[in-house]
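Engineer: Curious how this folds, go ahead:
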Amino acid sequence: MAEKDTDIKKIKKLIEIMKENGLVEIEIKHDDDKIVLKRAQPQQAVGSITMMRPESGIAPVGPEGIGAVSQSSAPQTVPTEEDLVEIKSPIVGTFYATPSPDSESYVDIDSAVGPQTVVCIIEAMKVLNEIKAETSGTIVEILVTNGQAVEYGQVLFKVKPD
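Structural biologist: Below you'll find the predicted structure:
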């Protein structure tokens, strides 16, 4: 019975971690055991979350990539308009503008985006989460730099809708 109580405590802890980090789904495999937890997606979340696995071809950005900020990923501003759409961080984590340290940015100023366009990756708890634009338009402002820590709800990009 004590083992069952321990398992329930572990599952409750996983749920707590999911809530704290805005995760919608988590899957854990250990030997023959498998746990899949899913939550309803928060209404305020703007980006999509996709759990990435090493076989997906997207490599995590290591310490050598955190300090190296390319000119295209530095904060850039353009006069704002009241009708701009904000792309916000759906989770707490580390913002990455590129899929790997030697790759080009997902988007830059004046990049056209659609609802399924990946605009960045946010790493949370060693999981790489692709953030999608979920709107159509043109990127007019990038508010964060590569390797920067971001908070839940923090504005990452501003988009001029089509």
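
Engineer: Could you report the distance from T6 to K34?
Structural biologist: Note on T6: its distance to K34, by CB to CB, to the nearest Å, is 18 Å. To be clear about C-beta, it is placed using only N, CA and C from the backbone, and glycine gets the same treatment.

Engineer: Tell me where the protein has strands.
Structural biologist: 25-30, 33-38, 85-88, 93-96, 112-113, 118-124, 127-132, 137-142, 149-150, 155-161 (DSSP state E).

Engineer: Kindly reformat these as TSV and extend each row with mean neighbour count, mean pLDDT and distance to K13.
Structural biologist: Formatted as TSV, the strands of the chain follow (neighbours: other CB atoms under 10 Å; pLDDT from 0 to 100; distance: least, CB to CB, whole Å):
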stretch	mean neighbour count	mean pLDDT	distance to K13
strand 25-30	12	77	12
strand 33-38	11	75	11
strand 85-88	18	93	27
strand 93-96	22	94	19
strand 112-113	18	94	37
strand 118-124	22	94	16
strand 127-132	22	93	16
strand 137-142	21	93	36
strand 149-150	16	94	23
strand 155-161	19	93	29
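
Engineer: could you dump those to JSON lines with distance to Y106?
Structural biologist: Formatted as JSON lines, the strands of the chain follow (distance: least, CB to CB, whole Å):
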{"stretch": "strand 25-30", "distance to Y106": "22"}
{"stretch": "strand 33-38", "distance to Y106": "26"}
{"stretch": "strand 85-88", "distance to Y106": "11"}
{"stretch": "strand 93-96", "distance to Y106": "9"}
{"stretch": "strand 112-113", "distance to Y106": "9"}
{"stretch": "strand 118-124", "distance to Y106": "5"}
{"stretch": "strand 127-132", "distance to Y106": "9"}
{"stretch": "strand 137-142", "distance to Y106": "10"}
{"stretch": "strand 149-150", "distance to Y106": "15"}
{"stretch": "strand 155-161", "distance to Y106": "10"}
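
Engineer: Show me the beta-bridge partners of the closest residue to E141 other than its chain neighbours.
Structural biologist: Spatial nearest neighbour of E141, chain neighbours left out: K158 (3.9 Å); criterion: CB to CB, 6 or more residues apart in numbering. When assigned by DSSP bridges, K158 has beta-bridge partners E86, E141.
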